[in-house]
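S.K.: model the following, please.
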Amino acid sequence: MKIKSIEPINELKYLRSYKIKYATKSGQERDWEIVSRGDTSRLKKEIFNHQSFTDGAMVFATNLNKTDVIMLKEFRVSAGRPIYMFPAGLIESGEDIKNAAKREFNEETGLHLTPLYVERERYVSVGIINERVNVVYGTYSGIPTKDFQEDSEDADIIIVDKSEARRILEEEEISIRSAMLLQNFFKIHPFFDIETS
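M.R.: Predicted coordinates for the structure are as follows:
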């Protein structure tokens, strides 16, 4: 895949843009700009009523022995290059989160997911978008294949063990959510090895 151009737009096709007026601690009026997959009604329910919604699932799938995990090395248009990340996708209308995770995981990897735990939905980048996803944990089975990926998807399926996780974290571009999950799963964050006095 290849980036051809970048241009500003005023109207978005898949996202909606909002200006949120708010008052600072001292009472000064300010504006905050965000984008959302949802409509104004959803945004008001989130902000004023603190209701929680999900936009999709991110899948953390291990082998039965929990010695490796499935990741994607996927070309991301917004970065202009491949990024390591966990399989993820949007929930479809009427679909529950486990079925969304199983469907997306199969489409992106060709593998089958057995969901074992669903974490509550959390914000992905609260500074610019109100998108939330659930992390669905489980085990995988089958043989990886790219045969079910859409034309707009260009992702290699990677089986990651502890040494490959270290390499990815040190040498590759990886989303922060994926990096934190890898560090936690393999217990390899360098900060925890630093002695303090």
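S.K.: which parts of the chain are helices?
M.R.: For the chain, applying DSSP state H gives helices covering 40-49, 97-109, 162-171, 176-186.
S.K.: return the distance of stretch 119-136 from the chain's centre.
M.R.: Put simply, stretch 119-136 sits 8 Å off its chain's centre (C-alpha atoms, centre = their mean, to the nearest Å).
S.K.: for that stretch, give me every contacting residue.
M.R.: With contact meaning C-beta atoms under 8 Å, 6 or more residues apart in numbering, stretch 119-136 is reached by 15, 33-38, 43, 46, 52-60, 88, 97-98, 101, 113, 115, 117-118, 137, 177, 181. In short, each C-beta sits where N, CA and C put it, glycine included.
S.K.: list buried residues within the residues you listed.
M.R.: 34, 36-38, 43, 46, 54-60, 88, 97-98, 101, 113, 115, 118, 137, 177, 181 (16 or more other C-beta atoms under 10 Å).
S.K.: about what we covered before: which of the helices of the chain has the lowest mean pLDDT?
M.R.: Ranked by mean pLDDT, the helices of the chain end with helix 40-49 at the bottom, a mean of 90.
S.K.: which other helices and strands does that one contact?
M.R.: With contacts taken as 3 or more C-beta pairs under 8 Å, 6 or more residues apart in numbering; DSSP states H and E, helix 40-49 sits against strand 16-23.
S.K.: how about the strand it packs on: buried residues?
M.R.: Going by 16+ other C-beta under 10 Å, strand 16-23 has these buried residues: Y18.
S.K.: check the offset of it from the chain's centre.
M.R.: Using C-alpha atoms, centre = their mean, the offset of strand 16-23 from its chain centre is 24 Å.
S.K.: gap between the residue lying closest to T24 once chain neighbours are set aside and F48?
M.R.: Using C-beta to C-beta, 6 or more residues apart in numbering and skipping the chain neighbours, the partner closest in space to T24 is R30 (5.9 Å). Shown here: R30 relative to F48, a distance of 18 Å by C-beta to C-beta, to the nearest Å.
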